[in-house]
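> Just need the structure, nothing else, for what follows:
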Amino acid sequence: MRIGALVALVCVAACRTRPLVRMGQQSDSVDLAQLVPHGSTDSSLAAPRVITTPSVVLFWLHAADTLSGDDQADTFDDLKYYTAQVAPALAASGIQLVATNADTVFVSLPNARRRTILLSGLDYPYGYLLIDPGGPERILTGVYEDGDLMDELRAYFDLPDDSTSAPPRATT
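Numbering: from 1, shown residues only. Okay, here's the model as predicted:
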């Protein structure tokens, strides 16, 4: 009975996250202030994400609340600024930028299976999770400056050096 309740809870959580992902896909620009709230008690991003496509998950966990108010604000501003610098390259490459306050992320696999990624207990309670379903994930903890973050994104997703331009179109 406990397993059934756990499965039902996971299904409800997965259903709750899908509209948030769709909202992010409908917008041309990403409002980073909405992605990572200042307090991890904001319940809108507390449900675990289910990732089905190449994605960068920006995470800000409850443990970040142990930082002083000034440190939280400074760290959040840096995280927001550097993420905004790489967001156009992600969009041009078809990579989703999503956020979570949950310490668990699920990666959708073939045959309706899911792989669980735990983010709690890392060096820093904030950072980036790089996911390309079907391959291993990469966790970047802390704040990365835009150049370093872009280097990590290029290496993981095999992006070209000029990833902000639109891909060439074939003409017939």
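> mind listing the strands for this structure?
49-51, 55-60, 96-100, 104-109, 113-118, 126-131, 138-141 (DSSP state E).
> a markdown table for those strands, including mean pLDDT?
Below are the strands of the chain laid out as a markdown table (pLDDT from 0 to 100):
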| stretch | mean pLDDT |
| --- | --- |
| strand 49-51 | 90 |
| strand 55-60 | 93 |
| strand 96-100 | 92 |
| strand 104-109 | 92 |
| strand 113-118 | 93 |
| strand 126-131 | 96 |
| strand 138-141 | 96 |
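> Output these as CSV; include the columns mean neighbour count.
C-betas here are computed from N, CA, C, even on glycine. What follows is the strands of the chain, written out as CSV (neighbours: other Cβ atoms under 10 Å):
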stretch, mean neighbour count
strand 49-51, 23
strand 55-60, 25
strand 96-100, 21
strand 104-109, 18
strand 113-118, 13
strand 126-131, 24
strand 138-141, 17
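> Any regions of this structure where pLDDT drops low?
1-44, 162-172 (pLDDT under 70).
> change it to 50
2-29, 37-38, 40 (pLDDT under 50).
> what about the helices in it?
2-26, 32-35, 69-92, 146-157 (DSSP state H).
> coming back round to it: looking at the strands of the chain, which is closest to residue 67?
strand 126-131 (9.3 Å; Cβ to Cβ).
> Restrict that closest one to CA atoms and write it as PDB.
Extracted as PDB, the C-alpha positions of strand 126-131 are listed here (Å, rounded to 0.1, in the frame of the first residue of the first chain):
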ATOM      1  CA  TYR A 126      22.600  25.900  -5.900                       C
ATOM      2  CA  GLY A 127      24.000  25.500  -9.400                       C
ATOM      3  CA  TYR A 128      23.200  23.800 -12.700                       C
ATOM      4  CA  LEU A 129      22.300  20.300 -13.700                       C
ATOM      5  CA  LEU A 130      23.000  19.500 -17.300                       C
ATOM      6  CA  ILE A 131      20.900  16.700 -18.700                       C
END
